[in-house]
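Undergrad: would you be able to build a 3D model of this:
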Amino acid sequence: MKISTKGRYALRLMIDLAQHDAAGYIPLRDISRRQEISAKYLEQIVVQLSRAGLVTSTRGAQGGYQLSRHPSEYTVGEILRITEGSLAPVACMEHDPIECSRAEGCITLGLWRGLYDVINQYLDGITLEDLVSQEQPLDFSI
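TA: Residues are numbered from 1 along each chain as shown. Coordinates of the predicted model:
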C-alpha cells in the first residue's frame, strides 16, 4: 500500500483546517500558501472532502472552508479512504466477500487479511486532534 500525493495533501489540508478552526471559514488560498500546495490541486481535493461531508464551505468575501465536526471526530483512516479508496494491501481484499476464485485455497489470504486489519486499526486509531495537539512528531508504534 502506498498513499498517493492526493491522500497526503488531503490530510495536510484537514490538519490545517483543524489548526485554524477558531478562525471560522478559511480561504483555500491561505491553506495553499501555508502548506505550499497548488490551490488548483487543493480545489480538487476539497471537492471530495466536501461531498463526503468532512468540510463545509461558504462563498463570498469571507468565504472558505471549515471542518464540519470537531477534530477528535475524524480519523486518519476516514480521511485517507475518501481520497485513496480502499486501503487494502492487495486487490483481492478490496471486496467483501472476497471475489477471488483462488480464495478458498489461498495460503496467503490470512496474511493479507491480518495486514489489512492492522492498517485499518492503526489509521482509525489516530484522530485529527491527535495530530494537531502535538508540537513534536508523534510515535504511533504498533
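
Undergrad: what segments of this structure are strands?
TA: Here the chain has its strands, by DSSP state E, at 55-58, 64-67.

Undergrad: which of those sits closest to Ser133?
TA: strand 64-67 (14.6 Å; C-beta to C-beta). To be clear about C-beta, it is placed using only N, CA and C from the backbone, and glycine gets the same treatment.

Undergrad: the closest one - contacts with which helices or strands?
TA: Contact partners of strand 64-67 among helices and strands, from 3 or more C-beta pairs under 8 Å, 6 or more residues apart in numbering; DSSP states H and E: helix 5-19, helix 28-35, strand 55-58.

Undergrad: redo that, cut-off 6 Å
TA: Secondary-structure packing of strand 64-67 (3 or more C-beta pairs under 6 Å, 6 or more residues apart in numbering; DSSP states H and E): strand 55-58.

Undergrad: mind checking how far the closest residue to Asp124 other than its chain neighbours is from Cys106?
TA: Nearest residue to Asp124, sequence neighbours excluded (C-beta to C-beta, 6 or more residues apart in numbering): Gly77, at 4.0 Å. For Gly77, the distance to Cys106 equals 25 Å [C-beta to C-beta, to the nearest Å].
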